[in-house]
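In: here is my input, please return the structure:
(2 chains)
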Amino acid sequence: MPPEPVRLGRKRTLPSCPNPLFLQWLTELRDQAAEKGLKTQYVYQKALSSLKKYPLPLKNGKEAKILQHFGDGICKMLDDRLERHYQVNGPDAPIHSLPSGVQHSAPDSNNLHPSKGSSNTKEPSGSSGGDHKRTQKAESRKEKGGRKKRGYVPQKSSGGYAVLLTLYRHSQVPGSKGFMFKNELQVEAQPLCTKSFTVPELGSKYTAWSSVTTLIQRDLVLKTHNPARYSLTELGMSLARQLEAGEREETNNEEDNKSEAGEPVNYPETVDLTQDYNGYGDDDDDDKEEGGLAKRPPPVICVDEEVGHWDEPQASEQEAAASGILLPGSYDIILCVDFIETTGGNTVRKQELVTELQKNGVTFDIRKLNVGDFLWVAREQVASDPGQALQPAARELVLDYIVERKRMDDLCGSIIDGRFREQKFRLKRCGLHKPIYLVEEHGSAAAHLSLPESTLQQAIVNTQVVDGFFVKRVQDVKESAAYLTMMTRYLQKLYQNRTLHCRSRELEGDGPKGASVSCSLMSFTEFNHGAVKNKCQTVREVFARQLMQISGLSGDKAAAILEHYNTVNSLMQAYGRCTSEGEKEKLLSSIRYGKLKRNLGPALSHTVYQLYCTKGPLF
Amino acid sequence: MSLKRVYTWELSDSESEEDLDANPKQSYTHVNEKHGNTLRVPEVTEVIKTTGHGKQPNVIVVPEEDTLQPPIRKETNSPSPGKKRRNRDEIDADRARADEKKAEREKAKREREKKKEEKKQEQQKRKEAADRLKSYRPENYIKCLTVRIHPVLLQDGNSDVLADTLSELEWKMRIEPHSLTHSITWTRSSPQEGEDEEIEEEQILMVITLDEFLDIVLSVKQILKGDSSRHEMSSLLAALTDHLNTHTGSVVTMLVMGANKHRKHGSWYHAHGNLRSQLGMEDMEIEEVLVYLQLYKSVFVHFLYNWKEVADQVCTYTKALSKRPFKALTECTELGFCVDGAWAAGSRVERDGKGLAEVWSRQIQQLNRVSPAVAAAVTAAYPSPHLLIQAYKKLDSEKERRGLLADLTVKGNVKDRRVGPEFSTRIYRVLTAENPELVLD
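Out: As a prediction, this is how the structure comes out:
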């Protein structure tokens, strides 16, 4: 359901600047310029600052010329925009307030059709969009004075609304853990929201989930930890309380007068709650920022036509979480191949693998895997209903085996640049208990390798002995395909008569290790989501990485420092509490690190002190 | 290697200071150490150390309790009064003063000694920890490993090369019949002296010929067909199965050897395929058996040409085993990310702080998606963390602080751009947030 009607009703805020339209247009111009990296952005910025200071309404662009930093060019541009504005809104359209028509039709259409029309001047980039909002926000806040914090109230049945309310209700349950994981939050918030949390609307890449970014930016929701936990801030808590109150009132009204309960979004309470809405900074804008950055569902390439739809990642998530059991015979074991293994680089060679697998009659699916190159899923069989446009999502659980394929030359390269350890680390932590290193020993590559054979052999054996991986040696792609084929067949046989349970790693932790055939499996979505390479960083993690930039400050030392001071802030406070420089210098020296509990030592302590306490520039 | 280098640097640097202070006492303390039970010393000192350090203000209180004793002892030990002619009060006062002074001196002395003692013990402890760590270094730990070879393997005359290789390396080796025939196993002992207990490693190499492997293949195929009559089973497979039933932790690698042939073309990489083709079976058929062994027995299969290659594998496995204890000791698992890699190497900082500017720049780049150019823009405007944090403190509103860096200009090759509000917010959060688990992106 399109949310327009409500927007019209609630965006009645009086702008603080008497020339809000000009302000808006200039901001857009500046952001566009900044987006392209043009120096003109600074010209616009200057003009903007000067316009903001001007207390009187301007009739047209020409009049603005009296202001500092306004030249003919800018005035002309403003007049052009003004003309268009009158065309769209009629010759009597007000220009000294933000009329709902112009202001809101644009962003809304942006949302649904991201690149349409001349009014679509807001750039999807995070930087410009965010700045734009902030500028205007500052303006209106100035005017409203004390009422700052009631700026944003999500519209009823929107993603933000549902998330706030769900978090609130969850927090009110006795014994609640005080936060929610993404999965459970989505599942529980869905009934409160008209948009889907997992499947983007047609023509858009944003889901209702996108508005969580807005909530975080507005300090309503706190996102912490990895995997992410969501909770309400104090601000969010009080807002959610209001929403809950509104919700209750509405339910009562509905009961009183059912005949009028058709369009809940038009209820006066909603308008009442949102009266302070600032009239800009649409959720949709925020959504766009987020989408532009990272949150897009990974691209999925499907070789098989019939699987074209079901792997929109999160779609299967909710259902699997809702009822986590797959009965024998109700699912297929399918090999998943990372798309990198089939595209890019040496295409001929990569195609060979696909061809071989096809020749062997293996059911496989190509998709983006965030860790590993091959794995197997148990995919629910879904009866296809031709009458239904969108197939219901099939549930998918990941089996415990994951294969990393390495040609000898890859292995060589990854040892040299350090990826080898990092990859093994990620494989060990991905939640699947049976990692397999598939080494292709290609005779031809041997001559050109930059590491001696013994080093490579040692690395392979270390992978088995030290890291505990299964190492499978094959000669070439053909043998790799034969191996994967055979594994697929065996796994199909092994899982023939088994009932599978969905286990959430987030909620229940890792399953038992060592079981020969595990039947308690993660959903594919959770698995793949948890394995994203550049995960969201936490303050603590960045601090650790930052400390490690000092030579000699290894991971275990950083971890030891973090045990005492887990943020930059807490370390700085500790320095602040010291009474002398000498004390500061030695602050960290007796911290013990590692399993041997050795002292960090005065030298490192001194260096860290210099880094954080030097008042002048470092050199 | 890098780890090792870092270690020695850190050690030598941090100990140099202590040496200056403690030098006069050193000869004495060393004698003392040798008598003591070296294993217990660290535990005792740890208690003293932590209490002393944990409550700095209390330090004075603790020695005072000790010094209560000396004055008392003084009075009983040396009762001879000075001159009788003097006023008794005077004498008492004098004596009291003298005692007081003496007590003070004693106290100071005791404190000094105590400090020295602490320092000495600390040093001792550190030395022991360093020694202990050293003994776990792979090159040292390898001396704690014993390679055990099943006598069956020596019946093959060509297997001499294995024993020769091991003795040349001066690694410990034993020939003894252990539970699994045709196998090579390892035991490890503790690097600490006095602990002689040997622990069996879980890795097992089973060296078999191509013919023996063929028997195994045929047996497995029978099993797969559903015919598992025991008497038809290859004796080696039966032995392996029995072993795995009783030793559930064992990890067995089968080294399948060609019929003592030399490598055909010298290339190690071809060995594998050639040997497999010698079995005269389709790839898929062999693969079926190999995957069976993997999934049902957790057995690895590796094809080799001759005993020389087997000897090389044994060395490789021994080295891998020697690396494990050190890795377990030094591995850092507390941080949720891999602490290896180019980014983690760190940037050298001199004692006078030279090099810290580079560290600060690299620190900024630890945030996701931050280029050196962006870092340069920040460090140019705020050439130390302190300056940036101070700048944050001077701003009144959260909004201003978040946006502080947004308008900095990033120099590009072609054109300049802004740092942007998104990054500006992230760096602000990293430097000022109180919640360590706050997610930045």
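
In: quick one: distance of stretch B:396-411 to the chain centre.
Out: Taking C-alpha atoms, centre = their mean, to the nearest Å, one finds the center of stretch B:396-411 at 42 Å from the center of the full chain.

In: can I get it in PDB? Just the C-alpha atoms.
Out: Listed in PDB are the C-alpha atoms of stretch B:396-411, where the atom choice follows Å, rounded to 0.1, in the frame of the first residue of the first chain:
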ATOM      1  CA  ASP B 396      28.500  21.400  21.500                       C
ATOM      2  CA  SER B 397      26.100  19.300  19.600                       C
ATOM      3  CA  GLU B 398      26.300  15.700  18.600                       C
ATOM      4  CA  LYS B 399      25.400  16.600  15.100                       C
ATOM      5  CA  GLU B 400      28.400  18.900  14.800                       C
ATOM      6  CA  ARG B 401      30.700  16.300  16.200                       C
ATOM      7  CA  ARG B 402      29.500  13.700  13.800                       C
ATOM      8  CA  GLY B 403      29.900  15.900  10.900                       C
ATOM      9  CA  LEU B 404      33.300  17.400  11.900                       C
ATOM     10  CA  LEU B 405      35.300  15.600   9.200                       C
ATOM     11  CA  ALA B 406      32.600  15.500   6.500                       C
ATOM     12  CA  ASP B 407      33.800  18.600   4.700                       C
ATOM     13  CA  LEU B 408      37.500  17.800   4.600                       C
ATOM     14  CA  THR B 409      38.800  17.600   1.100                       C
ATOM     15  CA  VAL B 410      40.300  14.400  -0.100                       C
ATOM     16  CA  LYS B 411      42.900  14.800  -2.700                       C
END
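
In: show residues contacting that stretch.
Out: With C-beta atoms under 8 Å, 6 or more residues apart in numbering or on different chains as the contact definition, stretch B:396-411 has outside contacts at A:127, A:131, A:134, A:137-138, B:371, B:373-374, B:376-378, B:381, B:391-392, B:395, B:416-421, B:423-425, B:427-428, B:432. C-beta coordinates here come from the backbone N, C-alpha and C atoms, glycine included.

In: ok, stretch A:325-337 next?
Out: Contacts of stretch A:325-337 with the rest of the structure, by C-beta under 8 Å, 6+ apart, involve A:353-354, A:357, A:362-367, A:369, A:373-381, A:395, A:397, A:399, A:484, A:487-488, A:491-492, A:495-502, A:524.

In: just those residues: which are in strands?
Out: Secondary structure from DSSP state E places A:364-367, A:374-380, A:397, A:399, A:500-502 of the contacts of stretch A:325-337 in strands.

In: what are the ranges of the strands in the stretch 201-350 of chain B?
Out: With DSSP state E, counting those that start in this stretch, the ranges of strands along the stretch 201-350 of chain B come out as B:203-209, B:251-257, B:299-304.

In: I'd like these as JSON lines, with mean pLDDT appended.
Out: What follows is these, written out as JSON lines (pLDDT from 0 to 100):
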{"stretch": "strand B:203-209", "mean pLDDT": "93"}
{"stretch": "strand B:251-257", "mean pLDDT": "92"}
{"stretch": "strand B:299-304", "mean pLDDT": "89"}
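
In: can you list those in a markdown table and add distance to residue B:180 and mean neighbour count?
Out: Written out in a markdown table, the entries for the strands of the stretch 201-350 of chain B read as follows (distance: least, C-beta to C-beta, whole Å; neighbours: other C-beta atoms under 10 Å in any protein chain shown):
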| stretch | distance to residue B:180 | mean neighbour count |
| --- | --- | --- |
| strand B:203-209 | 6 | 22 |
| strand B:251-257 | 8 | 22 |
| strand B:299-304 | 11 | 21 |
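
In: using TSV, lay out the ones you listed together with distance to residue B:165.
Out: As requested, those are exported to TSV (distance: least, C-beta to C-beta, whole Å):
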stretch	distance to residue B:165
strand B:203-209	14
strand B:251-257	15
strand B:299-304	14
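
In: what about these, which gets the closest to residue A:440?
Out: Evaluated over the strands of the stretch 201-350 of chain B, closeness to residue A:440 peaks at strand B:299-304, with 14.4 Å, by C-beta to C-beta.

In: and the angle for the closest one with strand B:251-257?
Out: Orientation of strand B:299-304 against strand B:251-257 (axes from the mean of the first three to the mean of the last three C-alpha atoms, to 10 degrees) gives an angle of 30 degrees.

In: does strand B:299-304 come close to chain A?
Out: Yes - among the residues of strand B:299-304, B:300, B:302, B:303 lie within reach of chain A under C-beta under 8 Å from any C-beta of the partner chain.

In: and which of those residues is nearest residue A:58?
Out: Among the residues of strand B:299-304 next to chain A, residue B:300 lies closest to residue A:58 (C-beta to C-beta), at 79.6 Å.

In: I figured the closest one was touching residue B:252, is that so?
Out: Yes - under the criterion of C-beta atoms under 8 Å, residue B:300 is in contact with residue B:252, at a separation of 7.3 Å.

In: buried ones among the contacts of stretch B:396-411?
Out: In terms of neighbour count (16 or more other C-beta atoms under 10 Å in any protein chain shown), the buried residues within the contacts of stretch B:396-411 are A:127, A:131, A:134, A:137, B:374, B:376-378, B:392, B:416-421, B:423-425, B:427-428, B:432.
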